[in-house]
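Enquirer: Need a 3D model of the following:
(one chain, ligands or ions: 1)
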Amino acid sequence: MFFQAIIVGTILFLIVRFIRERQQIVKIAKHFGGPKPLPVIGNLLEFNTDIPGIFETGIRLLKIHGPDTFFWGLFNLYLLVVSSPKNVEKVLLAKNAQKSLLYTFLEPWLRTGLLLSSGEKWFQRRRILTPAFHFKILEQFVAVFNKETDVMVANLRKHVDQQEFDIYSYVTLMALDSICETSMGISVNAQNDPDNDYVKNVKSMSVLFLQRIFDPLVATPILYELIHPRAYKQRRIVQELHNFTDSVIAERRKQLQPNGEKRHNFNQSDENLYSKQKMTFLDLLLSVNVDDEPLDDLEIREEVDTFMFEGHDTTTSGISFTIYELARNQHVQDRIYEEIVSILGKNYREAELTYQVLQDFKYLEMAIKEALRLYPSVPFIGRHLTEDTELDGITLPAGVEILVAIYMIHRNPEVFPDPERYDPERFSEDAESKRGPYDYIPFSAGARNCIGQRFAMLEMKVAIIKLISNYRILPGESLQQFRVRTDLVIRPHTGVAVKLMERV
Ligand code: HEM
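Expert: Residues are numbered from 1 along each chain as shown. A predicted model of the protein is given here:
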């Protein structure tokens, strides 16, 4: 009898809590507006389509209900998607927000490196890693971009005057080679050895991540680990990825020790840390002290792995979507070619691109920025509120998941008239000066903005200059059926089909 009373009491308590929570959520849903939900399953049925279809449905609904839209999930679960500048600002600057739960799918691989960490740990790491993007270091990285892009250009030559082919896979391998060399100082030679285990494992992790996002049954880490056959595969891949990074760290530690490298204490700021040395991200991590202690191998590994992840898919998309737009907009491609010849002179094909010379490519930069407007590499940023927060005049309870829809922000017709049209002139100095700080944010904004944005712009510029110097890029027939999909990074669903003509 006593037990029955406890069970009935607990059930009643849960029902009352559920109803009260529901009432609060309904208020929030009404405030923001969104697609009409079905009982129990909310708006989930709308998303019962293929993977690019899920993205297309989301965008369609955001266009109808936006700029800030409420989506119902199962029972009382929900998601708020924001793209109005005032709410975007509030979410991105919120002190009491962490990365969304979605990002935890990456934790087995990246642990709590810069992308996933929060609080004091994030603050300290950001301070340590910021000098790695000092222009003195970026100058050295540009030499790597030149070398790796030359390999890509050479590998592409077999496609000249041939049928259409997918250029995305070539760009991926080039970006992987570039990030491996700049972050770890080693060459995995992905472009000439795409079957390399490390390369295959990095790609497999992206696929596993994508599969998991769209598999609600295994969204919770415990369920995934316990019941899913893919979890076993993932554990094996993560182990291999970690073994590889561990061995590179151990080898580099050995190489640096005999020279008695001076350690850099990050309790004092050391502006000149990078001025004279040739260093990779790994070397920096191996050479710093935090609170008089060096970072251990695990701490170093999570940062190197984070750079490997954040630093190649993002630039691959940036370059590939720029190529996509240049193939469809020959007049823009022609202007970039003219800019190349006017800056580099008649031996433009052989010219070594330096950090300094890349700053002169103003029109190219506009063309890349416009491609990142239409296809921001990270189309949504996820945040998880850890405290009750006021947004738009209503209180959101702690625990809410919010997506900042960069993809939609960049398609605001009031800021970018005729938003689907590709037009680099939107990024002329004059046009840019008229926009607000939250109207165009491909690299996010606020303290958690992209630490690698200047690195990325340099790599993208080198890639496009070298491609356009050598080839005219034409659209392949399959571009007509072009579709995109997204996990954390936006991708062309079936690649970017182009044809190449040699420039003479
Ligand atoms: C076109 C290229 C790129 C784009 C569009 C891009 C975009 C972004 C965005 C939107 C964020 C914020 C994510 C969030 O708040 O959840 C971010 C963070 C980050 N990005 Fe990038 N990224 C690019 C390239 C790179 C590169 C090349 C690197 C490294 C070499 C890099 C390293 C990072 C890291 C470590 C973070 C986390 C920063 C922090 O939380 O302090 N990114 N990026």
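Enquirer: so which residue of this structure comes closest to the ligand?
Expert: Nearest to the ligand, among the residues of the chain, is Gly452, at 2.3 Å (C-beta to the nearest ligand atom). C-beta: built from backbone N, CA, C; applies to glycine.
Enquirer: Any idea how many residues pack against that residue?
Expert: 21 (other C-beta atoms under 10 Å).
Enquirer: same question, Lys200
Expert: Neighbour number of Lys200 under other C-beta under 10 Å is 14.
Enquirer: and it, what element?
Expert: In the assignment (DSSP states H and E), Lys200 maps to helix 197-213.
Enquirer: Can you spell out which helices and strands pack onto that helix?
Expert: helix 168-184, helix 229-256, helix 297-310 (3 or more C-beta pairs under 8 Å, 6 or more residues apart in numbering; DSSP states H and E).
Enquirer: then that helix to CSV, C-alphas only?
Expert: Extracted in CSV, the C-alpha atoms of helix 197-213 (Å, rounded to 0.1, in the frame of the first residue of the first chain):
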residue,chain,number,x,y,z
ASP,A,197,44.7,5.5,-42.6
TYR,A,198,44.7,8.8,-40.9
VAL,A,199,43.0,10.5,-43.9
LYS,A,200,40.4,7.8,-44.1
ASN,A,201,39.7,8.0,-40.3
VAL,A,202,39.2,11.8,-40.4
LYS,A,203,36.7,11.4,-43.2
SER,A,204,34.9,8.5,-41.4
MET,A,205,34.5,10.6,-38.3
SER,A,206,32.6,13.3,-40.3
VAL,A,207,30.3,10.6,-41.8
LEU,A,208,29.7,9.0,-38.3
PHE,A,209,28.9,12.5,-36.9
LEU,A,210,26.4,13.2,-39.7
GLN,A,211,24.7,9.8,-39.3
ARG,A,212,24.3,10.4,-35.6
ILE,A,213,22.7,13.8,-35.9
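Enquirer: Residues contacting that helix, please?
Expert: With contact meaning C-beta atoms under 8 Å, 6 or more residues apart in numbering, helix 197-213 is reached by 51, 102, 105-106, 109, 172-173, 176, 180, 188, 190, 193, 218-219, 224, 230, 233-234, 237-238, 240-241, 244, 308-309, 312-313, 485, 487-489.
Enquirer: picking up where we left off before, show me the contacts for the residue of the chain closest to the ligand.
Expert: So Gly452 contacts 133, 307, 310-311, 314 (C-beta under 8 Å, 6+ apart).
Enquirer: can you check Phe32 too?
Expert: Here Phe32 is in contact with 68-70, 80, 392 (C-beta under 8 Å, 6+ apart).
Enquirer: then stretch 469-485 to PDB, C-alphas only?
Expert: These are the backbone C-alpha positions of stretch 469-485, laid out as PDB (Å, rounded to 0.1, in the frame of the first residue of the first chain):
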ATOM      1  CA  SER A 469      45.800  31.100 -63.000                       C
ATOM      2  CA  ASN A 470      46.000  27.600 -64.500                       C
ATOM      3  CA  TYR A 471      42.400  26.800 -65.500                       C
ATOM      4  CA  ARG A 472      39.200  28.200 -66.700                       C
ATOM      5  CA  ILE A 473      36.600  26.500 -64.600                       C
ATOM      6  CA  LEU A 474      33.300  25.600 -66.300                       C
ATOM      7  CA  PRO A 475      30.100  24.300 -64.800                       C
ATOM      8  CA  GLY A 476      29.500  20.500 -65.300                       C
ATOM      9  CA  GLU A 477      26.100  19.300 -66.400                       C
ATOM     10  CA  SER A 478      25.300  17.900 -63.000                       C
ATOM     11  CA  LEU A 479      25.500  21.300 -61.300                       C
ATOM     12  CA  GLN A 480      21.900  21.700 -62.400                       C
ATOM     13  CA  GLN A 481      21.000  19.200 -59.700                       C
ATOM     14  CA  PHE A 482      23.200  20.800 -57.100                       C
ATOM     15  CA  ARG A 483      22.000  20.300 -53.500                       C
ATOM     16  CA  VAL A 484      23.600  20.900 -50.100                       C
ATOM     17  CA  ARG A 485      23.500  19.200 -46.800                       C
END
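Enquirer: Can you mark which positions in it are buried?
Expert: 469-476, 479, 482, 484-485 (16 or more other C-beta atoms under 10 Å).
Enquirer: quick revisit: which among the contacts of helix 197-213 end up buried?
Expert: 51, 102, 105-106, 109, 172-173, 176, 180, 188, 190, 218-219, 224, 234, 237-238, 241, 244, 308-309, 312-313, 485, 487-489.
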